[in-house]
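Q: test case, fold it:
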Amino acid sequence: MSSDLALMPAHELVKLYKRKKASPVEATKAALARTERFNPVLNVFQHLDAEGALKAAKASERRWNKGSPAGPVDGVPVTLKDVLQTKGMPTLYGSRANDPAGPWTYDCPSAARLRESGAVFLGKTTSPEYGWKGVTDSPLFGITRNPWDIHKTPGGSSGGAAAATAVGIGNLSLGSDGAGSIRIPSAFTGLVGLKATFGRVAAYPASAMGTLSHVGPMTRNVRDAALLMNVVGRPDPRDPYSLVPGGESDDFAKGIDKGVKGLRIAYSRTLGFVRPDEIDPEVAASVDKAAKTLKKLGATVVEVEPTVTVDPRDIINVLWQAGASTLVNKFAAEKRALMDPGLLKSVAIGARHSTERYILVAQARDTLAAAFGEFMDGYDLLISPTMPMPALDVLRNAAHGGDGTDIAWTPFTFFFNLTRNPAATVPCGLTKAGLPIGLQIVGKYYAEALILRAAQAFEDATSIGLPPMATT
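A: Take a look at the predicted model:
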């Protein structure tokens with residue numbers, strides 16, 4: 001039973017707690033056993049708190065025995081990305097420039113909502129330094145590896161969260177996403193990942209990347225993503241951008257089993273700007289097949305490309321590089337000397353962007369978002385590849401021979417950080433080499449419940465299973 005608990009969907013796990021067929025202590029011990037087994041190979045934790053997790057699990061068990069759970073994820077083992085401030089645990093942003101002594105005196109909004117709900121915090125998962133690139137390694141903790149192939153990266157910047165969740169180290173995980181950092185690693189490791197509408201999940205302290213940055217769920221199935229959103233998708237007074245309840249649905253699982261029949265779905269192979277030769281043929285074929293699956297399930301799928309009149313690559317690079325420069329240049333020279341040379345190169349580029357250029361790309365961003373909003377007026381959802389390629393080899397900072405300073409090698413993900421639309425990834429196939437491929441499902445503002453409904457229908461019709469190492 002204990003091995004099964006580690007891989008059990010969180011929504012099923014809490015049902016077992018309610019019926020007293022399993023306990024939070026058993027589930028936590030199962031997660032810690034998997035940590036002991038897989039972490040030496042995958043390197044998923046920046047900080048592991050086994051003692052604190054067991055203490056929290058025992059408290060949860062007492063609440064369940066009294067029939068008074070604190071919330072919908074009481075007793076569920078959870079991991080949190082290193083960039084999410086967590087009381088009593090170091091938040092180092094993957095950087096040697098930060099002092100592990102803290103003090104660590106408060107929870108960010110998403111951690112606070114999880115703690116209020118009784119979740120068991122296993123620890124903080126690895127990230128590249130300040131989430132600066134779409135793979136996961138750093139001078140602080142080294143290389144995090146992909147459980148589907150340990151010679152590949154799990155992606156980034158929420159790579160530790162992805163690798164951990166894929167092998168059952170935690171039934172739920174939280175990541176963050178400023179240009180795809182939830183969806184990239186979720187696609188590379190066969191997970192469900194959701195970047196909600198900007199403001200749906202409150203964030204504090206504010207990211208140096210401003211309104212590009214989001215917090216959201218990374219899970220092994222769609223229902224768990226909805227469950228986690230129901231916990232963290234709430235406002236917080238510390239976030240001036242956080243939304244009050246009352247979008248399309250306050251219950252992100254509402255209508256999740258209604259299927260896609262009658263929905264009008266745009267299928268975009270390139271988002272109007274990605275060159276076809278940048279897309280791996282196996283990825284293209286798998287996403288084509290996914291579009292046909294949704295059509296068989298009753299959706300009207302229309303092959304169409306949005307019109308893109310401004311260069312989204314230039315926009316994302318200027319915003320990211322300038323944000324990184326503003327962040328890192330606050331550190332003293334001796335601290336900057338400890339940082340990832342690739343991050344420092346990006347910072348140097350960002351320092352050269354003029355104020356005028358920054359304002360012009362911010363205006364271009366608004367133009368892009370308005371045009372995409374008009375395009376989506378004719379559709380319920382849009383689908384595309386999540387990533388144009390499967391997982392890269394470890395120690396590569398980017399695809400196409402890039403050094404990571406140009407983050408536009410993730411075009412299908414960063415586009416929706418610019419527009420602020422909700423976007424999820426679900427696994428849709430495997431390459432011949434056995435690496436996962438992701439299908440991205442995008443909605444209008446506040447349409448998370450509809451995205452999850454379509455994702456659930458697709459998940460019910462398809463499955464790639466778990467990484468072989470997770471089941472042996």
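
Q: grab the nearest non-local neighbour of Phe121.
A: Val78 (6.0 Å; C-beta to C-beta, 6 or more residues apart in numbering). Just so you know, the C-beta spots here come from the backbone N, C-alpha and C atoms, and that holds for glycine as well.

Q: and the longest helix anywhere in the chain, what does it pack against?
A: If you go by DSSP state H, the chain has its longest helix at helix 355-376. Using 3 or more C-beta pairs under 8 Å, 6 or more residues apart in numbering; DSSP states H and E, the elements in contact with helix 355-376 are helix 312-328, helix 411-419.

Q: now the angle from the following helix or strand past that helix to helix 355-376?
A: Of the helices and strands lying after helix 355-376 in sequence (DSSP states H and E), the nearest is strand 381-385. On the basis of axes from the mean of the first three to the mean of the last three C-alpha atoms, to 10 degrees, strand 381-385 is oriented at 120 degrees to helix 355-376.

Q: what's the average pLDDT for strand 381-385?
A: Across strand 381-385, the average pLDDT comes to 99.

Q: that one vs helix 411-419, what angle?
A: Using the same axes, to 10 degrees: strand 381-385 against helix 411-419 is 140 degrees.

Q: packing partners of strand 381-385?
A: strand 264-267, helix 281-296, strand 436-443, helix 448-461.

Q: if we use 10 Å, what do you get?
A: strand 264-267, helix 281-296, strand 300-303, helix 355-376, helix 411-419, strand 423-430, strand 436-443, helix 448-461 (3 or more C-beta pairs under 10 Å, 6 or more residues apart in numbering; DSSP states H and E).

Q: tell me the contacts of Asp149?
A: Shown in contact with Asp149 (C-beta atoms under 10 Å, 6 or more residues apart in numbering): 188, 390-391, 393-394, 433-435, 467-469.

Q: and for Thr471?
A: 3, 7, 167-168, 465.

Q: so for Lys20, which of the helices and strands packed on strand 381-385 sits nearest?
A: Taking C-beta to C-beta, helix 448-461 is the member of the helices and strands packed on strand 381-385 nearest to Lys20, at 28.3 Å.

Q: quick one: the residue nearest to Phe121 from Arg200, how far?
A: The gap separating Val78 from Arg200 is 19 Å, by C-beta to C-beta, to the nearest Å.

Q: how much space between Ala97 and Phe331?
A: Ala97 is 6 Å from Phe331, where distance means C-beta to C-beta.

Q: now do stretch 231-243: distance from first to last residue.
A: 14 Å (C-alpha to C-alpha, to the nearest Å).

Q: for the protein, what helix or strand is lowest in average pLDDT?
A: helix 2-7 (a mean of 80; mean pLDDT, DSSP states H and E).

Q: next SSE after that one?
A: Following helix 2-7 toward the C-terminus (DSSP H and E): helix 10-18.

Q: what helices or strands is that next one leaning on?
A: Using 3+ C-beta pairs under 10 Å, 6+ apart: helix 10-18 touches helix 2-7, helix 24-42, helix 50-65, strand 77-81, strand 172-177, helix 222-232.

Q: the very next helix or strand once past the longest one pairs with which strands, parallel or anti?
A: On the C-terminal side of helix 24-42, the nearest following helix or strand under DSSP H and E is strand 45-48. The pairing partners recorded for strand 45-48 under DSSP bridges are strand 120-125 (antiparallel).

Q: in a strand, that's where Gly216 is, yeah?
A: Yes: Gly216: assigned to a strand according to DSSP: H, G, I helix; E, B strand; the rest coil.

Q: that one reaches Ala202, doesn't it?
A: No: counting by C-beta atoms under 10 Å, Gly216 does not reach Ala202; the two are 11.6 Å apart.

Q: looking at these two, which is more packed in?
A: Higher neighbour count among Gly216 and Ala202: Gly216, with 29 against 23, using other C-beta atoms under 10 Å.

Q: and that one, what does it touch?
A: Shown in contact with Gly216 (C-beta under 10 Å, 6+ apart): 110, 158, 174-177, 181-183, 186, 193-196, 200-201, 225, 228-229, 232-233, 422-424, 448.

Q: can you check Asp236 too?
A: Applying C-beta under 10 Å, 6+ apart, the residues near Asp236 are 108-110, 112-113, 201-204, 242.

Q: and it, how far is that from Leu228?
A: For Asp236, the distance to Leu228 - C-beta to C-beta - is 16 Å.

Q: so what's Lys254 closest to, chain neighbours aside?
A: Ala449 (5.1 Å).

Q: would you confirm that the one you found contacts Ala226?
A: Yes: using C-beta under 10 Å, Ala449 is in contact with Ala226, at 7.7 Å.

Q: comparing these two, which shows the higher neighbour count?
A: For Ala449 and Ala226, the more surrounded residue by other C-beta under 10 Å is Ala226, and the numbers stand at 28 against 22.

Q: for Ala370, see how far away the more buried one is.
A: As for Ala226, its distance to Ala370 is 29 Å (criterion: C-beta to C-beta).

Q: same deal with Val232?
A: Val232 is 29 Å from Ala370, by C-beta to C-beta.

Q: who has more neighbours, these two?
A: Val232 (27 against 11).

Q: and the more buried one, what does it touch?
A: 73, 108-114, 117, 119, 172, 174, 196, 200-202, 215-217, 252.

Q: name the nearest residue to it, sequence neighbours excluded.
A: Sequence neighbours aside, Ser110 is the residue nearest to Val232 in space, at 4.3 Å (criterion: C-beta to C-beta, 6+ apart).

Q: could you do Asp224 as well?
A: Counting by C-beta to C-beta, 6+ apart, the residue nearest Asp224 is Ala10, at 4.7 Å.

Q: my read is that that neighbour contacts Val120, right?
A: No: counting by C-beta under 10 Å, Ala10 does not reach Val120; the two are 11.0 Å apart.

Q: quick one on the thing from earlier: can you redo the helices and strands packed on helix 10-18 as CSV with distance to Asp377?
A: Shown next, in CSV, are those (distance: least, C-beta to C-beta, whole Å):
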stretch, distance to Asp377
helix 2-7, 41
helix 24-42, 43
helix 50-65, 46
strand 77-81, 34
strand 172-177, 25
helix 222-232, 25
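
Q: quick one, which of these is nearest to Leu439?
A: Closest approach to Leu439 among the helices and strands packed on helix 10-18 is made by helix 222-232 (11.9 Å; C-beta to C-beta).
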